[in-house]
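Asks: got a sequence here, can you model it:
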Amino acid sequence: MPETTTPPPATAPVRRSARVLLLGTDDSLLLFRGHLDPARPDAGHCWFTPGGSVADGESLREAAARELAEETGLRLAPEELGPLVARTSGYAELPWASGLFEDVFFLHRVAPYPVDTSGFKEHENASVTGHRWWPVDDLATTAETVFPYGLPPLLADLRDGRTPSAPVQLPWHH
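Replies: Here you go, the predicted structure:
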């Protein structure tokens with residue numbers, strides 16, 4: 001199902017993000033490590049996928065491809081991204097916005113490569129503390145906080161060649 005045919009939610013999100021499940025051909029997933037609260041680094045950290053805000057006039061695929069280039073150095077045309085495989089949405093109160101947030105996730109398979117974060121924006125440099133290609137099986141057993149919730153079963157299906165016919169709804173994480 002094309003991502004542009006999905007009707008908008010009853011309440012428009014205050015932030016819509018396009019993200020990428022960058023799944024390695026060695027069955028690893030690229031995740032970034034960042035502060036749960038950049039203003040309070042002692043509050044802990046979490047792991048999350050590449051991606052970010054959709055700009056005005058930008059399609060979900062265009063945003064995902066742009067964010068992938070900025071955050072990882074991987075440059076793809078939007079149509080080269082794999083399918084839209086998951087969504088998550090919910091309410092959050094953050095220092096910079098409150099309301100309904102929505103994240104969509106595209107799948108893209110690639111041989112793991114040295115990640116280039118030189119395209120990070122200032123706020124990303126301040127809050128992202130590292131990255132790692134995580135073995136998919138390790139994500140199912142880690143005690144680390146990984147966003148979005150519910151990734152391990154989806155990743156196991158994707159790894160095994162089972163792509164959902166419609167995007168899977170993952171649990172919200174705030």
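
Asks: how far out from the middle of the chain is the longest helix along the chain?
Replies: Of all the segments of type helix in the chain, defined by DSSP state H, the longest one is helix 60-72. Mean-position distance between helix 60-72 and its chain equals 10 Å (CA atoms, centre = their mean, to the nearest Å).

Asks: residue contacts, Leu151?
Replies: Leu151 sits next to 21, 29, 139, 170 when contact means CB atoms under 8 Å, 6 or more residues apart in numbering. The way it works is simple: take the backbone N, C-alpha and C, and place the C-beta from them, glycine included.

Asks: give the rounded mean pLDDT of the helix or strand hosting Ala92.
Replies: Here Ala92, judged by DSSP states H and E, is contained in strand 84-94. Average pLDDT, strand 84-94: 90.

Asks: keeping just the C-alphas, turn it into PDB.
Replies: The C-alpha trace of strand 84-94 is given here as PDB (Å, rounded to 0.1, in the frame of the first residue of the first chain):
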ATOM      1  CA  LEU A  84       6.700   1.200   4.400                       C
ATOM      2  CA  VAL A  85       6.500  -1.600   7.000                       C
ATOM      3  CA  ALA A  86       5.500   0.000  10.300                       C
ATOM      4  CA  ARG A  87       3.900   3.000  12.100                       C
ATOM      5  CA  THR A  88       3.600   4.200  15.600                       C
ATOM      6  CA  SER A  89       1.800   7.200  17.000                       C
ATOM      7  CA  GLY A  90       0.800   8.700  20.300                       C
ATOM      8  CA  TYR A  91       0.800  11.700  22.600                       C
ATOM      9  CA  ALA A  92       3.900  13.200  24.000                       C
ATOM     10  CA  GLU A  93       4.800  16.300  26.000                       C
ATOM     11  CA  LEU A  94       8.400  17.300  25.100                       C
END
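
Asks: for whichever helix or strand comes after it, list every residue counted as buried.
Replies: Downstream of strand 84-94, the next assigned helix or strand under DSSP H and E is strand 97-110. Neighbour-count burial for strand 97-110, counted by 16 or more other CB atoms under 10 Å, picks out 100-108, 110.

Asks: show me what counts as buried in the longest helix of the chain.
Replies: By neighbour count, and taking 16+ other CB under 10 Å as the criterion, the buried residues in helix 60-72 are 60-68, 70-72.

Asks: quick one: the helix or strand containing Leu21 to chain centroid distance?
Replies: Element membership for Leu21 (DSSP H and E) is strand 15-24. With CA atoms, centre = their mean as the basis, strand 15-24 stands 3 Å off its chain's centre.
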